[in-house]
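[1] Okay, here's the prediction I keep looking at, along with the sequence it came from:
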Amino acid sequence: MVVARCGRVRNEVQRKAQAGFSLVEVLVAMLVLIVGVVALAQVVPTALDLDARNLASSQAVIAAQKELEQMARQPMAVQNAGLALGHYNFVDQDGDLIYLGAAAPPSPGLGIAPASVQTGCPMAGNAIDFSVPCTVPGHSKKRIMSGRTFDIRWSVLTVYGNERGVVRPVTKRISIAAKSNVRSMTPLTLNLLVSY
């Protein structure tokens, strides 16, 4: 009798184990799975957008740095004959006329160097301001990298000195930044101080 009862209990346990899941258990599992898939589907576009912004930011820094390196190699008072006399300028490797500040304004008095002069695109604090257009010629350019167009802008603060009666630039602070049309990309302004 005890053996028969044990056999019946064993058969009931095996039958319950083979019965599977109830409909409620299946629906709860499907709901959890759907919530997970929807959450993952929302993360993927955000990750792709963030990746595109990071790529655009990296390319913008590279574009600005390439232009800044060309500027840094120029003599302090570089002036190409016949091109915008009265302003420091050169032609970059892309064939664009690049302005590197204004030539010294008239001296306020004998032996006195004039004040510093800021030229170029507008700045907001220590950063190039992309919220307003840069209308100053020779202080901005477009560059295409990897199919993306970058707006490169710069501003130059020229400090003058008087050396043996000759007023010339002694220091230049070049601020440069690049921005693409990628949504919500914050441009990084690079600053370089060049001294004679």
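    On my side now, so go ahead. Remember, predicted model here, so these are calculated numbers, not experimental data.
[2] any low-confidence regions in the protein?
    1-19, 81-86, 105-114 (pLDDT under 70).
[3] quick one: the helices in it?
    2-18, 23-72 (DSSP state H).
[4] Which of these has the highest mean neighbour count?
    helix 23-72 (a mean of 13; mean count of other C-beta atoms under 10 Å). C-beta coordinates here come from the backbone N, C-alpha and C atoms, glycine included.
[5] Packing partners of that one?
    strand 97-102, strand 140-145, strand 148-163, strand 166-179, strand 190-195 (3 or more C-beta pairs under 8 Å, 6 or more residues apart in numbering; DSSP states H and E).
[6] Using CSV, please lay out those together with mean neighbour count and distance to residue 40.
    Shown next, in CSV, are the helices and strands packed on helix 23-72 (neighbours: other C-beta atoms under 10 Å; distance: least, C-beta to C-beta, whole Å):
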stretch, mean neighbour count, distance to residue 40
strand 97-102, 21, 48
strand 140-145, 16, 32
strand 148-163, 20, 28
strand 166-179, 21, 32
strand 190-195, 14, 38
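[7] now those in TSV, with distance to residue 68?
    Shown next, in TSV, are these (distance: least, C-beta to C-beta, whole Å):
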stretch	distance to residue 68
strand 97-102	11
strand 140-145	12
strand 148-163	8
strand 166-179	5
strand 190-195	6
